[in-house]
Every structure is written in structure tokens, then in C-alpha cells.
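Enquirer: I would like to see how this sequence folds:
(one chain, ligands or ions: 1)
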Amino acid sequence: MKLPQTLGEYIIENQKDFPYASGELSQLLSSIRIAAKVVNREINKAGLVDILGQAGNENVQGEDQMKLDVFADEVFIRALRARGEVCGVASEENEDYIAFDDPIHSTSKYVVLIDPLDGSSNIDVNVSIGTIFSIYRRVTDIGSPVTLEDFLQPGHQQVAAGYVVYGSSTMIVYTTGNGVNGFTFDPGIGSFYLSHPNISIPESGKIYSINEGNYVHFPEGVKKYLKYVQELDPETHRPYSSRYIGSLVSDFHRNMLKGGIYIYPRGTKAPNGKLRLLYECNPLAFIAEQANGKASDGTQRIMDLQPTELHQRVPYFIGSRKMVEEAERFLKEHGE
Ligand code: P6P
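Expert: Model (predicted):
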């Protein structure tokens, strides 16, 4: 039996397709691969060691930082600093970006934005969680210190993006602008193997993912859309099924494979929505579009939004193209 291709083999074989094919992006993706293995190991034994519970401090979002959040943040930043391709990292867990401003890194070409452990509230209850990463080529002069401008780039400038989903199995799914491929981890061998080549999101689906507990806070257009998907109409396969894990990476991954839409809209509780543009919405939007799906803020393409701050939040509609377009029509007609 021929073993499927490993992630390492795939990266090397396809680096000719990477923009600025210099091998550096391959090295960068390999450092993310290694960090994912280390975080995966800790998550898999999280219930066994005293690494759970509150870290006793808060992140910039004002949320209690779980110890695994802090651990994952340190692992990914250490892995990215260990090689020479990255000159700075911005992370959900750190208020400001981290500049790698030693002589070796100041000539590096890339910056990385990362949500090291998304869905952390699920850690204690053994529900799947994820890491999301976004990679840009710096825009300021190589050799000069990295600046905020290097991080505040619109999503369509990304050179690569991906996520790790730590679920019933651990997977890395990523794109470099030439389609989307998924790799499943074999813990017995310690390698990721190509398991989901050329992922494409069904152009429509029957799953919607939203926290309906916030219904009273939603814009009228979202309320009307929810009532629409819940109506009985066998011809259009309604009512759709509601599936909401409370972990963006897991909900997005399921909807990408089966078809569906994930929505985190603006509301009175979250005036701009909850999800962060730079290290949650943009990377998954890049993947969604590369898999023939769509991602918007309800009116505009997510990857066209010009970021103004590292941790800014935006309303988020992502998944099957026709479902996102359908939801956008309700917002246009009834208010966003
Ligand atoms: P709520 C996790 O904190 C997260 O950022 C996403 O992973 C998830 O989809 C969302 O927030 C859940 O938020 O308000 O529904 O609990």
C-alpha cells in the first residue's frame, strides 16, 4: 500500500507554486507544522495534567486566558522565531505585535498573524478547538524594523493562510492561493498526511451555524434570515439544520466539507460582531474563496476590508457561496 504524501513532501513538491518561490514560505509552513504537533500533544493530554483552568490573567479581549492559550501562543511564536523567514508576529493573546528585530530576522520577508487557540472556552469540556494563521509579505523595507503597517494589510494580500483543527483527529488545512488541501495527523508516526486534496465547498448547503441565544440582539435582516431557514419548504430543503459548536474552526471546517454557513453578526451586545478581522476572518476567508466559497461582513467582501487596528472585530458570514449571498440579500432588504 502506497502511503499518502506527507505535509512536508507536499510543501516541498508544491513550493514552485508559492508566490516568491524562494523556499522561505516552505520553511515557514514547516515551522507551523512543528508547532501544531507540540500543541496537539498538550491538548490531547489536557485532562491529565494541571494545565487547565484559568491562567489567572486576561488577554487583550478581556477574556480569561486559559493556560493552554498561553502555552499555544508561546509555542507558535517560538517556532516562528526559530527560523529566519518571519520578522514579526501579531497574536490574539498579545496586545501589540511582536517584532523579531534582531539582525537575522530584520531581513526576513514575512509577517504572521495568529489566533493560537481559538475556542478556548471549550478546552475544559473536551470539545474541538483550533489554531488559525495568516501570512503576508511585509510591505516596509526589508532590513528596517517591522511596523504596524506590515500587519494592517487587507486580506487579499495574504500569501498563505490555514488552520489546525484539534478534533477527533488533528488536521492542518491551508492554502497558498492554489486551492485548499487538508492533512490529517497520524500520531503513531508523527506525520501529517494528505487526506483531503483540493477541497471545494458545496455551492449550497443545509447547515447554519449561529448563536441563536443572541437573537434579540441581531439586526432585523439576520432575524428575517433565521426565520426563513427555519420555514418548512421541502423544495428548498428547509428547514436547514442548526449546528453550532462554539468553536469557529470546527464549525467552519464542517461547513466547508458538507456545505453550510457560519454567521457571527453585529448586535447590540457586539456592535461590530465578535470575530477578529486579522487573525480569524481574513485567513478563513482566503481558504473559503480558494475552495469556491464566500466570506463577507454582510455587505462587503471580507478580504477587501482595510484593517485599522490589530484586534478589530467585524460581522462575519462565511461558507457556501449561495448561502452567504442569500443571507446578504436579507440584510440588504431588511437591515444590517
Ligand atoms: P459565542 C471562540 O471564543 C469564538 O471566537 C469562536 O471560535 C466561536 O465561534 C465564537 O467565539 C463563539 O462565541 O458568543 O457564541 O460564545
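Enquirer: Output the residue of the stretch 51-200 of the chain whose distance to the ligand is smallest.
Expert: As assessed by Cβ to the nearest ligand atom, the ligand sits closest to residue 119 within the stretch 51-200 of the chain, at 4.1 Å. In this view, the C-beta of every residue, glycine as well, is placed from N, C-alpha and C.
Enquirer: for that residue, what are its contacts?
Expert: Applying Cβ atoms under 8 Å, 6 or more residues apart in numbering to residue 119 gives the contacts 127-130, 245-250.
Enquirer: Whichever helix in the chain runs longest packs against which elements?
Expert: Identified as the longest helix of the chain according to DSSP state H is helix 24-44. On a contact count with 3 or more Cβ pairs under 8 Å, 6 or more residues apart in numbering; DSSP states H and E, helix 24-44 meets helix 7-14, helix 67-82, strand 110-118, strand 129-137, strand 160-166, strand 170-175, strand 180-186.
Enquirer: For the ones you listed, give me a markdown table that also has mean pLDDT and distance to residue 273.
Expert: Shown next, in a markdown table, are the helices and strands packed on helix 24-44 (pLDDT from 0 to 100; distance: least, Cβ to Cβ, whole Å):
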| stretch | mean pLDDT | distance to residue 273 |
| --- | --- | --- |
| helix 7-14 | 87 | 32 |
| helix 67-82 | 93 | 21 |
| strand 110-118 | 97 | 15 |
| strand 129-137 | 97 | 16 |
| strand 160-166 | 97 | 19 |
| strand 170-175 | 97 | 23 |
| strand 180-186 | 97 | 24 |
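Enquirer: would a markdown table of those with distance to residue 287 be doable?
Expert: Compiled in a markdown table, the helices and strands packed on helix 24-44 are given as follows (distance: least, Cβ to Cβ, whole Å):
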| stretch | distance to residue 287 |
| --- | --- |
| helix 7-14 | 16 |
| helix 67-82 | 18 |
| strand 110-118 | 14 |
| strand 129-137 | 9 |
| strand 160-166 | 6 |
| strand 170-175 | 5 |
| strand 180-186 | 5 |
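Enquirer: Show the pLDDT at residue 303.
Expert: Residue 303 carries a pLDDT value of 98.
Enquirer: any idea what it is structurally, helix, strand or coil?
Expert: helix (DSSP: H, G, I helix; E, B strand; the rest coil).
Enquirer: Might one say that it is in contact with residue 136?
Expert: No - Residue 303 is not in contact with residue 136 according to Cβ atoms under 8 Å; the separation is 11.9 Å.
Enquirer: Which residues of the stretch 1-150 of the chain lie near the ligand?
Expert: When proximity is defined by Cβ under 6 Å from any ligand atom, the stretch 1-150 of the chain lies next to the ligand at 118-119, 121.
Enquirer: Before we move on, what's the pLDDT of residue 85?
Expert: Residue 85 is given a pLDDT of 91.
Enquirer: do the same with residue 16
Expert: The model reports residue 16 with a pLDDT of 68.
Enquirer: what residues are up against residue 327?
Expert: By Cβ under 8 Å, 6+ apart, the residues touching residue 327 are 222, 225, 261, 263, 298, 317.
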